[in-house]
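Enquirer: Any chance you could fold what I've pasted below:
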Amino acid sequence: MSVRYGMFVVLAHLGLLVWSLDLLEQLWIGAHRRSFRGLLLGTSLAWFGQQIIAGHFVAEEASRYNDAWSRFVAGDWTADMLRYVDPDRDHAEAGLAYLRANGLLLKTTN
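Expert: You can find the predicted model right below:
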């Protein structure tokens, strides 16, 4: 899930923007300082809000994936596993058998 790294990109953008504030102020902003700072604050809040919303949806999706995978490993097969495990049940079971045969499946206790 590459979206999990989006927060680092947003922080980098904000860092570059803050780092360049003095230069922007000298070259471009001038008399419009107050409106620029408001625009900067609004943009920063929008980026932050986007990260909160994206993080919420990513956490929900990861939870659904983990739930489906746990049920599949326990021997259950439901329609949602076509999306979260594998669209082909036989292929998924062959992969699970391979993981078990080679000791690659982590054992968990609940």
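Enquirer: Could you report the distance from Q51 to W19?
Expert: From Q51 over to W19 the distance is 20 Å, taken as C-beta to C-beta, to the nearest Å. No exception for glycine: its C-beta is placed from N, CA and C like everyone else's.
Enquirer: neighbour count winner among those two?
Expert: Q51 (16 against 9; other C-beta atoms under 10 Å).
Enquirer: Just give the closest residue to Q50, not the sequence neighbours.
Expert: In space, Q50 comes closest to V10 once its chain neighbours are excluded; the distance is 7.5 Å by C-beta to C-beta, 6 or more residues apart in numbering.
Enquirer: Remind me which helix or strand H56 belongs to.
Expert: helix 33-73 (DSSP states H and E).
Enquirer: Looking at the helix or strand hosting A97 now, give me its mean pLDDT.
Expert: Using DSSP H and E, A97 maps to helix 89-101. Per-region confidence: helix 89-101 scores 93 on mean pLDDT.
Enquirer: Buried residues, it. List them.
Expert: By 16 or more other C-beta atoms under 10 Å, the buried positions in helix 89-101 come out as A92, L96.
Enquirer: Report all helices and strands that that helix contacts.
Expert: helix 33-73 (3 or more C-beta pairs under 8 Å, 6 or more residues apart in numbering; DSSP states H and E).
Enquirer: Mind listing what's buried along the helix or strand that the helix it packs on is followed by?
Expert: With elements assigned by DSSP H and E, the helix or strand that comes after helix 33-73 is helix 81-84. By 16+ other C-beta under 10 Å, the buried positions in helix 81-84 come out as M81, Y84.
Enquirer: Can you give the distance of helix 81-84 from its chain's centre?
Expert: Centroid separation between helix 81-84 and its chain, computed with C-alpha atoms, centre = their mean, to the nearest Å, is 19 Å.
Enquirer: what helices or strands is that helix leaning on?
Expert: helix 33-73.
Enquirer: name the helices or strands packed onto the helix it packs on?
Expert: Secondary-structure packing of helix 33-73 (3+ C-beta pairs under 8 Å, 6+ apart): helix 6-19, helix 81-84, helix 89-101.
Enquirer: what separates Y65 from A97, distance-wise?
Expert: From Y65 to A97 the distance is 20 Å (C-beta to C-beta).
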